[in-house]
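>>> with the sequence up front, the predicted model follows.
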Number of protein chains: 2
Amino acid sequence: MAAQSPLVIVGSIRIDNIETPFEQQADLLGGSVSYACAAASFFAPVGMVGVVGDDFSADHLATYRHFDIDLNGLQQVPGKTFRWSGRYDADMINRDTLSTELNVFESFSPDLPKSYRAATHVLLGNISPELQLHVLAQCETPQFVVADTMDLWINIAREPLLDVISRVNMLMLNDSEARLLVDQHNLMACARQILQWGPEYVVIKKGEHGAILVSRNELFLVPAFPLDAVRDPTGAGDVFAGAFLGSLASQRDSELSAVKTALLHGSVVASFGVEDFSLARLKTLDRASIDARVLTLQRMMAV
Amino acid sequence: MAAQSPLVIVGSIRIDNIETPFEQQADLLGGSVSYACAAASFFAPVGMVGVVGDDFSADHLATYRHFDIDLNGLQQVPGKTFRWSGRYDADMINRDTLSTELNVFESFSPDLPKSYRAATHVLLGNISPELQLHVLAQCETPQFVVADTMDLWINIAREPLLDVISRVNMLMLNDSEARLLVDQHNLMACARQILQWGPEYVVIKKGEHGAILVSRNELFLVPAFPLDAVRDPTGAGDVFAGAFLGSLASQRDSELSAVKTALLHGSVVASFGVEDFSLARLKTLDRASIDARVLTLQRMMAV
């Protein structure tokens, strides 16, 4: 029997073409589950649930193996892998989608191999709420479930999304998504409304400005490491989520202090991730560098 | 001989009409020096340098006296006080100026009374760089000088502004101003360039996202207190600056740890200020409430 991963992550796998104001790169390994699994792997064994086409390169598979990702839940089916092209504005935040070809992702049915079903930690990456519910139904004894989402599902699948939100421990979303979901500008007001829908925690991501963790009784300001340059912000939120849940899965409990530590890990690994395209920076990263930057970040907040 | 204030602040005095998406108020006491002096007064005696017209109301004067502001440097001249009307967008950040009447502010010549000239701490609020230099020339032994600025001066008075920057201990400006001044999007890169021009410290204000203090060797992330509602953001940056320099003036030295403590004070007093229009919230504020919120904010950052 194969060793079981405590952490399972489901999401998209994409081949990206990315342009920034400074450079462009093509045929990059991307998608939420690629970023999140690579990031989680620094902290805990992680199993991937995703789909690729028969064009998926051996190089990209080798990248997954570099991070020791459990690929039992990776489906390879006839057809082409999901492809996306985008161009970032000068702010390196706003971007235009130049093309989206869902390809094999369009009919993705995320089925968990038996070896994943006892996972204690589950990250429901950005896929349709219906598929998130389908994954959750296959988890036998989840202890901590995080859901991510995006504007598309808020707009076209609000009811199933609220169902997901009511069933997870933590909803993680960015500031514009929170405002769209709650129809409120103030982020604290958004977070308090989302808590009413059921989750124990809401994490609102604010990009270069960090994130806020809100629970019924607590608030934690998650700092972002200030970078002199961002080379490619793609996947930063997924890296944040993956490193967070990997770190949490590696800790003894899921108490608030463990959640806070895990969020710092998420923030720091995300700050490394955007220093290069795709998973390039994470490939050369090690745990000691992560820990050193966490300490640096904590010093930057100390009076 | 009158007691001398260690801290002198120069800037604008305005009568504001303000609309938010939720309400509007007219004939409000505003302007950078009104906000900054009121905020500084919680920490140290402060002298104001500003100009009003003969229409300036006894109520507004009483407000200054409420904060025990030294008004020896307040000039009252024939004509009307500077008036401004603005309307905030739904984000409570972006705003449209509906009208600006400079009135007596147009020919403001900020002359320091003798009792101000030994001030150790000086805040050169947002007036033209030429006037900032004129004020600085009148200070006999300044120990810590902070300059604020705005997009107007960056666009039309760049050379004198660079002269100001080279002569002060700290430049305080917001993120969009930093980007305009340096012509760079990345804020860390902006800060490092500004340091090359001479100041010991740069503080880049990011509104609800806090601020960053950058020196040659150090970086401090100044958190913003997360508010459930902002009623009127006008003057937040001036309150931040005033409370910062008041707190610094009240401390034994100007070492980095004193600067950091003072920045936390600035952030917290600014968070109170935006809870109501004009100086209404600061009028009911006390030092104990400030200290309590500083502790709360520090707890929100603790792992």
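Looks like it arrived, so ask away.
>>> from now on I want contacts and neighbour counts done on CA atoms only, so please keep to that.
Noted.
>>> list the buried residues for stretch A:223-235?
Under the neighbour-count criterion of 16 or more other Cα atoms under 10 Å in any protein chain shown, stretch A:223-235 has A:223-226, A:230, A:232-235 buried.
>>> is chain B within reach of it?
Yes: using Cα under 8 Å from any Cα of the partner chain, stretch A:223-235 reaches chain B at A:223, A:226-229.
>>> from these, which is closest to chain B?
Using Cα to the nearest Cα, A:Asp228 is the member of the residues of stretch A:223-235 next to chain B that lies nearest chain B, at 5.2 Å.
>>> can you name the residues bridging to A:Val46?
For A:Val46, the beta-bridge partners are A:Leu7 (DSSP bridges).
>>> what does the stretch 151-300 of chain A put close to chain B?
So far as Cα under 8 Å from any Cα goes, the stretch 151-300 of chain A lies against chain B at A:185-189, A:209, A:218-223, A:226-229, A:257, A:260-261, A:299-300.
>>> repeat that for 6 Å
A:188-189, A:219-221, A:228, A:257, A:260, A:300 (Cα under 6 Å from any Cα of the partner chain).
>>> quick one: least confident of these?
Of all those, A:Asp228 carries the smallest pLDDT score, 91.
>>> nearest residue to that residue other than its sequence neighbours?
B:Met188 (5.2 Å; Cα to Cα, 6 or more residues apart in numbering or on different chains).
>>> could you give the number of residues near that neighbour?
Other residues near B:Met188 come to 20 when the count uses other Cα atoms under 10 Å in any protein chain shown.
>>> ok, whichever residue of the stretch 51-200 of chain A sits closest to chain B to A:Leu219 distance?
Nearest to chain B, among the residues of the stretch 51-200 of chain A, is A:Met188, at 5.2 Å (Cα to the nearest Cα). Look at A:Met188 and A:Leu219: by Cα to Cα, to the nearest Å, they are 10 Å apart.
>>> same question for A:Asp253.
Taking Cα to Cα, one finds A:Asp253 at 19 Å from A:Leu219.
>>> and these two? Which one has more around it.
Applying other Cα under 10 Å to A:Asp253 and A:Leu219 shows that A:Leu219 carries more neighbours, namely 21 against 12.
>>> so, low pLDDT: which residues of chain A?
Scanning chain A for pLDDT under 70 picks out A:1-3.
>>> longest single helix anywhere in it?
Counting by DSSP state H, the longest helix found in chain A is helix A:256-273.
>>> contacts for that helix?
With contacts defined as Cα atoms under 6 Å, 6 or more residues apart in numbering or on different chains, helix A:256-273 is touched by A:224, A:236, A:239-240, A:243-244, A:247-248, A:281-282, B:303.
>>> flag every buried residue along it.
Within helix A:256-273, the residues scored as buried using 16+ other Cα under 10 Å are A:258-273.
>>> what is the end-to-end distance of stretch A:67-87?
End-to-end distance for stretch A:67-87, by Cα to Cα: 28 Å.
>>> buried residues, it. List them.
Within stretch A:67-87, judged by 16+ other Cα under 10 Å, the buried ones are A:67-77, A:80-87.
>>> cool, and stretch A:239-249?
For stretch A:239-249, burial by neighbour count (16+ other Cα under 10 Å) applies to A:239-249.
>>> could you export those as a markdown table, including secondary structure?
A markdown table is the format used below for these (DSSP: H, G, I helix; E, B strand; the rest coil):
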| residue | secondary structure |
| --- | --- |
| A:Val239 | helix |
| A:Phe240 | helix |
| A:Ala241 | helix |
| A:Gly242 | helix |
| A:Ala243 | helix |
| A:Phe244 | helix |
| A:Leu245 | helix |
| A:Gly246 | helix |
| A:Ser247 | helix |
| A:Leu248 | helix |
| A:Ala249 | helix |
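>>> could I get these as CSV with distance to B:Arg95?
Formatted as CSV, the buried residues of stretch A:239-249 follow (distance: Cα to Cα, whole Å):
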residue, distance to B:Arg95
A:Val239, 35
A:Phe240, 33
A:Ala241, 34
A:Gly242, 38
A:Ala243, 38
A:Phe244, 37
A:Leu245, 39
A:Gly246, 42
A:Ser247, 42
A:Leu248, 42
A:Ala249, 45
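>>> which parts of the stretch 151-300 of chain A are helices?
Ranges of helices in the stretch 151-300 of chain A, per DSSP state H, counting those that start in this stretch, are A:151-156, A:158-167, A:175-182, A:187-196, A:236-249, A:256-273, A:280-284, A:287-299.
>>> between those helices, which one is nearest to B:Leu171?
Across the helices of the stretch 151-300 of chain A, B:Leu171 has its closest neighbour in helix A:287-299 (22.6 Å, Cα to Cα).
>>> now the angle from the closest one to helix A:256-273?
Orientation check (axes from the mean of the first three to the mean of the last three Cα atoms, to 10 degrees): helix A:287-299 against helix A:256-273 gives 110 degrees.
>>> starting at the chain centroid, how far to helix A:287-299?
Centroid separation for helix A:287-299 versus its chain: 21 Å, with Cα atoms, centre = their mean, to the nearest Å.
>>> stretch A:99-109 too?
Worked out by Cα atoms, centre = their mean, stretch A:99-109 lies 19 Å from the chain centre.
>>> please apply the same query to stretch A:56-74.
17 Å.
>>> do the same with stretch A:66-77
For stretch A:66-77, the distance to the chain centre is 16 Å (Cα atoms, centre = their mean).
>>> equivalent analysis for stretch A:140-147, please.
With Cα atoms, centre = their mean, you get 15 Å for stretch A:140-147.
>>> what lies in contact with it?
A:117-118, A:120-124, A:168-171.
>>> where along the stretch 1-150 of chain A do the helices fall?
Counting by DSSP H, counting those that start in this stretch, one finds helices in the stretch 1-150 of chain A at the ranges A:32-40, A:58-66, A:129-138.
>>> residues contacting stretch A:196-212, please?
Stretch A:196-212 is contacted by residues A:166, A:168-175, A:213-215, A:220-224 when judged by Cα under 6 Å, 6+ apart.
>>> show me these that map onto strands.
Assigned to strands by DSSP state E, the following of the contacts of stretch A:196-212 qualify: A:170-174, A:213-214, A:220-222.
>>> tabulate those residues (JSON lines), appending neighbour count.
Output for these, formatted as JSON lines (neighbours: other Cα atoms under 10 Å in any protein chain shown):
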{"residue": "A:Met170", "neighbour count": "24"}
{"residue": "A:Leu171", "neighbour count": "27"}
{"residue": "A:Met172", "neighbour count": "27"}
{"residue": "A:Leu173", "neighbour count": "24"}
{"residue": "A:Asn174", "neighbour count": "20"}
{"residue": "A:Leu213", "neighbour count": "23"}
{"residue": "A:Val214", "neighbour count": "21"}
{"residue": "A:Phe220", "neighbour count": "23"}
{"residue": "A:Leu221", "neighbour count": "25"}
{"residue": "A:Val222", "neighbour count": "27"}
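>>> with distance to B:Gln196 added, can I get those residues in a markdown table?
Listed next are those as a markdown table, based on distance: Cα to Cα, whole Å:
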| residue | distance to B:Gln196 |
| --- | --- |
| A:Met170 | 44 |
| A:Leu171 | 43 |
| A:Met172 | 40 |
| A:Leu173 | 38 |
| A:Asn174 | 35 |
| A:Leu213 | 37 |
| A:Val214 | 39 |
| A:Phe220 | 35 |
| A:Leu221 | 31 |
| A:Val222 | 30 |
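>>> closest to B:Ala40 among these?
For the ones in strands among the contacts of stretch A:196-212, the residue nearest B:Ala40 by Cα to Cα is A:Leu221; the value is 26.3 Å.
>>> so the closest one is in contact with B:Met301, correct?
Yes: with contacts counted by Cα atoms under 6 Å, A:Leu221 reaches B:Met301, the gap being 5.4 Å.
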